[in-house]
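A.B. asks: next come a sequence and a model predicted from it.
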Amino acid sequence: MFFNQISTLKKSIIIASVFLVIVALSGYWVYYITFHRPVKFKHEKKCTIYVTPETSWEELDSMLNRCFKLENNLAFERIAKYKNLEKSFKPGRYVFERSISANDLVNTFKYGRQTPINVVFNSLNNLNELAGKLGNQMMFDSIDIQRELSDNEVIESFGFNKETFPAMFIPNKYQVYWTDTPMAFLKRMKREYDKFWNQELVEKAKMLNLTPIEVSILASIVEKESFVASEMPTIAGVYLNRLKANMPLQADPTVVFATGKFSVRRVTKKMLAVESPYNTYKNTGLPPGPICIPSIQSINSVLNPQKHEYLFFCASVKMDGTHVFAKTLRQHNANAEKYRKLLNKKRIYK
């Protein structure tokens, strides 16, 4: 009798244990289905959704259904309802490239877990080009950023003036968010500028008797003088030699900038006579600001110039973008005459 009772008790414990295991597994299965089972893509295994502040829940729901198989997906519906996604989703750019659970999908929009954008720019002609580039990638319009870029109060708040402001933008690749405001982007650029101009680079500039802004101004001229990277330090050295000798830079790109005739293939005497603080044929020293947004390569060329005695250079008759350098005006005039004859022969007069 006693042993029968023990046997019955053991059976009860085993049955209860099995029952609890089944309940636990069932609970885990429900939990997994609800929170972790991947939601399937509808067509392509990549989907990008843009949500603006004006996007309605119906529009977001429609975009989600175009990306994912959400029809009759009770898990997504219940979680979205429980977390009040209809009234709490955030604007942003959301890119989905791999499977995601219903719970994570809801949380992505509820907490604004955006996918960053890579904004990449190298040398640019001016800030308007930068505004156009940003307007194509960001939520704000190019006009919005142009407004900030031309606002004197904004410019002065960053420690620049209208002429020197392009120096604040260091070309590179930056991760930003689609919803960043123009001011947020400008503040980011100022932080990157301060990070770039570390103590070591500031000291290098001082050794050249230049400020960081002046380095950028000279780098912008080097940038426009040559696209041959190996020549940039040599050209930077020529201009630094001329500055030390208190000679006008006589840089053709500054004349092109001053006249606004960016498509010319030959700088004319009439262009050289233009009255402008940017005309380095008429003014000694550096122009008031950069004539473009110079690349890091150009900036480094100025900070690490080639040491030599050249004071002059002109385009090579090879017409391959390279230059010939000279120490004396006599040598330079001979080189320049060869190039002028070549332009005349090719009937390039302007």
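C.D. replies: Everything's here; your move. Numbering: from 1, shown residues only.

A.B. asks: Val324 in helix, strand or coil?
C.D. replies: strand (DSSP: H, G, I helix; E, B strand; the rest coil).

A.B. asks: skip the chain neighbours and tell me the closest residue to it.
C.D. replies: Asn335 (4.8 Å; Cβ to Cβ, 6 or more residues apart in numbering). Yep, even glycine has a C-beta here, placed from its N, CA and C like the rest.

A.B. asks: can you tell me the element that neighbour falls in?
C.D. replies: Using DSSP states H and E, Asn335 falls within helix 329-345.

A.B. asks: list the helices and strands that helix packs on?
C.D. replies: strand 312-315, strand 323-326 (3 or more Cβ pairs under 8 Å, 6 or more residues apart in numbering; DSSP states H and E).

A.B. asks: the residue nearest to Val324: neighbour count?
C.D. replies: 20 (other Cβ atoms under 10 Å).

A.B. asks: for it, list the residues it contacts.
C.D. replies: If you count contacts by Cβ atoms under 8 Å, 6 or more residues apart in numbering, Asn335 has them with 312, 314, 324, 326.

A.B. asks: how about those residues in a markdown table, adding distance to Ala251, pLDDT and neighbour count?
C.D. replies: Shown next, in a markdown table, are these (distance: Cβ to Cβ, whole Å; pLDDT from 0 to 100; neighbours: other Cβ atoms under 10 Å):
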| residue | distance to Ala251 | pLDDT | neighbour count |
| --- | --- | --- | --- |
| Phe312 | 12 | 95 | 22 |
| Cys314 | 12 | 91 | 19 |
| Val324 | 16 | 94 | 19 |
| Ala326 | 15 | 95 | 20 |
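
A.B. asks: spatially, which two of those residues are the most separated?
C.D. replies: By the measure Cβ to Cβ, Phe312 and Val324 form the most distant pair in the contacts of Asn335, at 9.1 Å.

A.B. asks: where's the residue nearest to Phe96 when sequence neighbours are not counted relative to Ser56, distance?
C.D. replies: Of all residues not flanking Phe96 in the chain, Cys47 sits nearest, at 4.7 Å (Cβ to Cβ, 6+ apart). According to Cβ to Cβ, to the nearest Å, Cys47 and Ser56 sit 19 Å apart.

A.B. asks: one more: Leu249?
C.D. replies: On the measure of Cβ to Cβ, Leu249 and Ser56 end up 58 Å apart.

A.B. asks: and the residue nearest to Phe96, its phi and psi?
C.D. replies: Reported as degrees, to the nearest 10, the phi and psi values for Cys47 are phi -150, psi 140.

A.B. asks: can you pull the pLDDT of it?
C.D. replies: Looking at Cys47, its pLDDT is 91.

A.B. asks: numbering from 28 from now on, please.
C.D. replies: Okay, using 28 as the starting number, the last item reads as Cys74.

A.B. asks: wait, isn't it in contact with Phe95?
C.D. replies: Yes: counting by Cβ atoms under 8 Å, Cys74 touches Phe95, with 7.5 Å between them.

A.B. asks: joint contacts of these two?
C.D. replies: Phe68.

A.B. asks: those two: who's more crowded?
C.D. replies: Neighbour count, other Cβ under 10 Å: between Cys74 and Phe95, Phe95 has more, with 22 against 17.

A.B. asks: doesn't Phe68 make contact with the more buried one?
C.D. replies: Yes: judged on Cβ under 8 Å, Phe95 makes contact with Phe68 at a distance of 6.2 Å.
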